[in-house]
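Novice: predicted model, plus sequence, below.
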Amino acid sequence: MRFVGLFSCLFLLASSAAEEKPNIVLFLVDDMGWQDTSVPFSDEVTPFNKRYRTPNMERLAEDGVKFTNAYACSICSPTRISLMTGMNAARHRVTNWTLRKNASNDRKHPVLDFPEWNVNGLSPDPRIERTFHARALPDYLKVVGYETIHVGKAHFGAVGTPGEDPLNIGFSVNIAGHAAGGPGSFLGTQNFSAIWRDGDEIWDVPGLEKYHGKDIFLTEALTREGLASVDKAVKEEKPFFLYMSHYAVHVPFAEDSRFIERYKAMGLDEKEAMYAAMVEGMDKSLGDILDYLDENKLSENTIVMFMSDNGGLSAHGRGGEPHTHNRPLSSGKGSAHEGGVRVPMIVKWPGFAEAGGVSENPVIIEDFFPSILEMAGLGDSVIEADGRSIVPLLKGSPSASSGRPLFWHVPNNWGGRGPGIGPSSTILKNGWKLIYYHNPERVPRYELFNLEEDLGETENLADSNPEKRDALAKELAAYLESVEAQMPTIKATGELVELPR
Ligand code: CA
């Protein structure tokens, strides 16, 4: 109880502003693919929509707006830093996944060496080497009176740096978050530890000792603890920002006994059944939160945002064999193709966003930062971001993002195998997508897709439509230059990979 006087002052300030501020729930799922839900996000109901059971996502979509062209980065860390800072990955330079201090997780590449990217992640302290220094989203919210509750996977900064602890970037509560981007285990009976598979204790989920040895799934334990923290904030009459950041549905899989029998009975293989049960367990968590809001008469003043941090894992060579496919999209996690970056997104905002609405506007992960600031009443503040607020889209202004280009930049080797995986830069504009691969020996070097006619990215139009290719390449190069994007080096010559042209 240090700084008691300061706390009291802040509490008084917070109380006066509390009544008009909406509560905000940001429900982020890890590695959930676009099709891993019973909510259809494409034009038709697919076989995967029939496989998965997510009644609470359906409920959220009925009460909110479904975004059918929502994007994240293709892997965890770039997405999470963009989410917390509003910056594009090309600018923040956390372009691959983080874990150990000053250690790159790039897999070796036969042709390319990789740049000095920000391997230590996000830092609130500018003195920490190889970090992106920024003030993070929860810090802005905390200052205007929000209780800022972090639950689950953090993965913001490397071990031994300030960014590894959510309390250092503006969260007032941290439940189970640390440097690692996956859990040792999803099972309480295994103490959420990697010891059972002779894994490194770096993956052990911190702070849930009360559930050790108990028959409980991690998703459930996180939900109970998160709601207990929310309940405390409600009793103190503080608005809350609940960042419900599930470790699900990332590897390592485990059987969730509450849900798995349905999927075994459907004839799915063991891994597919475990995955589908974990998806349903994640959805149950969403339902528990929605129920809590209803029971406590908070639903009308609470915004609920649902998002995944990258596409479903369909690549070989990372986390074992694939268990999801993202079809009709091509490829999955780690890929510049749609399966890697197009994700399920729903936003419910009673009184503002149309219940049952559908938005086809392209939106991207860095948009959450300015959106949430605007929702919290900070829309008029001058806070720099690459993202754009989705609030006008929620209020029904479809023109707000027409003609907007989206960008991805991955000067790294994540390591999986599959279409669209490998060092690349990408632009998406008006339904046209150009991917520029950094490896000069790769054929083809460019891929151009018309997503409106070819969502599955089956036909590369780079040679047949050189005008479109050149126009997008020029715009992509100008963007990369404007943010001083890092490029890999060609081993044989020692020269930087040139920009697209
Ligand atoms: Ca992820």
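Specialist: Done, it's in. Every value quoted in this text rests on a predicted model; they were computed, and no experiment measured them.
Novice: could you pull up the contacting residues of the residue in the stretch 1-150 of the chain positioned nearest to the ion?
Specialist: Taking C-beta to the ion, the ion has its nearest neighbour within the stretch 1-150 of the chain at residue 76, 3.7 Å off. C-betas here are computed from N, CA, C, even on glycine. Contacts for residue 76 (C-beta atoms under 8 Å, 6 or more residues apart in numbering) come out as 30, 31, 97, 155, 181, 309, 310.
Novice: of the residues you listed, list those near the ion.
Specialist: 30, 31, 309, 310 (C-beta under 5 Å from the ion).
Novice: count of neighbours near the second one?
Specialist: Yep, that's residue 31 we're talking about. Neighbours of residue 31 under the rule other C-beta atoms under 10 Å: 28.
Novice: same question, the third one
Specialist: Residue 309 is surrounded by 29 other residues when neighbours are defined as other C-beta under 10 Å.
Novice: so it versus residue 417, what's the distance?
Specialist: Remark: distance between residue 309 and residue 417 (C-beta to C-beta, to the nearest Å) = 21 Å.
Novice: same question, the first one
Specialist: As judged by C-beta to C-beta, residue 30 and residue 417 stand 21 Å apart.
Novice: again, but for the second one
Specialist: Between residue 31 and residue 417 the distance is 17 Å, computed by C-beta to C-beta.
Novice: so between residue 30 and residue 417, which is more surrounded?
Specialist: Regarding residue 30 and residue 417, a neighbour count based on other C-beta under 10 Å identifies residue 30 as having more, with 25 against 12.
Novice: follow-up on the earlier one: and the residue of the stretch 1-150 of the chain closest to the ion, how far is that from residue 154?
Specialist: Counting by C-beta to C-beta - residue 76 and residue 154 are separated by 11 Å.
Novice: cool, and residue 228?
Specialist: Residue 228 is 19 Å from residue 154, by C-beta to C-beta.
Novice: who has more neighbours, the two?
Specialist: Comparing residue 228 with residue 154 by other C-beta under 10 Å, the one with more neighbours is residue 154, at 29 against 12.
Novice: so which bits of the protein are right by the ion?
Specialist: Proximity of the chain to the ion is confined to 30, 31, 76, 309, 310 under the rule C-beta under 5 Å from the ion.
Novice: for the helix or strand encompassing residue 436, packing partners?
Specialist: Element membership of residue 436, judged by DSSP states H and E, is strand 432-437. Here strand 432-437 touches strand 424-429, strand 446-450, helix 466-482, going by 3 or more C-beta pairs under 8 Å, 6 or more residues apart in numbering; DSSP states H and E.
Novice: pick the most deeply packed of those.
Specialist: Stretch with highest mean neighbour count among these: strand 424-429 (a mean of 24; mean count of other C-beta atoms under 10 Å).
Novice: so for stretch 391-400, mean pLDDT?
Specialist: Mean per-residue pLDDT for stretch 391-400: 79.
Novice: next, the buried residues of that stretch.
Specialist: 391, 392, 393, 394 (16 or more other C-beta atoms under 10 Å).
Novice: so how far is that stretch off the chain centroid?
Specialist: Offset of stretch 391-400 from its chain centre (C-alpha atoms, centre = their mean, to the nearest Å): 22 Å.
Novice: and residue 290, which of the three is it?
Specialist: helix (DSSP: H, G, I helix; E, B strand; the rest coil).
Novice: so who does it touch?
Specialist: 56, 59, 60, 299, 304.
Novice: could you dump these to TSV with neighbour count, secondary structure and pLDDT?
Specialist: Below are the contacts of residue 290 laid out as TSV (neighbours: other C-beta atoms under 10 Å; DSSP: H, G, I helix; E, B strand; the rest coil; pLDDT from 0 to 100):
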residue	neighbour count	secondary structure	pLDDT
56	22	helix	98
59	18	helix	98
60	25	helix	98
299	17	helix	98
304	24	strand	98
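Novice: re the thing from before, residue 284: which of the ones next to the ion among the contacts of residue 76 is nearest?
Specialist: Residue 284 has its nearest neighbour among the ones next to the ion among the contacts of residue 76 in residue 30, at 16.1 Å by C-beta to C-beta.
Novice: quick check, central residue of this protein?
Specialist: Note on the chain: the residue nearest the mean C-alpha position is residue 309, at 2.2 Å, using C-alpha atoms, centre = their mean.
Novice: which SS state does the nearest residue to that one once chain neighbours are set aside fall under?
Specialist: Closest residue in space to residue 309, ignoring its immediate chain neighbours: residue 79 at 4.4 Å, by C-beta to C-beta, 6 or more residues apart in numbering. Recorded secondary structure, residue 79: helix (three-state DSSP).
Novice: so residue 79 makes contact with residue 71?
Specialist: No - using C-beta atoms under 8 Å, residue 79 makes no contact with residue 71, being 9.6 Å away.
Novice: what touches both of those two?
Specialist: Common neighbours of residue 79 and residue 71 (C-beta under 8 Å, 6+ apart) are residue 365.
Novice: more neighbours, those two?
Specialist: Under the neighbour definition other C-beta under 10 Å, residue 79 and residue 71 were set side by side, and residue 79 has more, 28 against 24.
Novice: residue contacts, that one?
Specialist: Residue 79 neighbours (C-beta under 8 Å, 6+ apart): 72, 73, 309, 310, 365.
Novice: state the distance from the third one to residue 27.
Specialist: Using C-beta to C-beta, one gets 11 Å for the distance from residue 309 to residue 27.
Novice: swap in residue 145?
Specialist: 22 Å.
Novice: ok, these two, which is more surrounded?
Specialist: Per other C-beta under 10 Å, whichever of residue 145 and residue 27 has more neighbours is residue 27, with 25 against 20.
Novice: checking that one next. Helix, strand or coil?
Specialist: Once three-state DSSP is applied, residue 27 turns out strand.
Novice: what's the closest of the contacts of residue 290 to residue 166?
Specialist: residue 304 (20.4 Å).
Novice: so what's the nearest residue to residue 93 once chain neighbours are set aside up against?
Specialist: Leaving aside its sequence neighbours, residue 93 sits nearest to residue 118 (C-beta to C-beta, 6+ apart; 4.4 Å). Contact analysis of residue 118 by C-beta under 8 Å, 6+ apart lists 92, 93, 94, 95, 130, 131, 132.
Novice: was I right about the first one contacting residue 81?
Specialist: Yes - when contacts are counted by C-beta under 8 Å, residue 92 is listed as touching residue 81 (5.1 Å).
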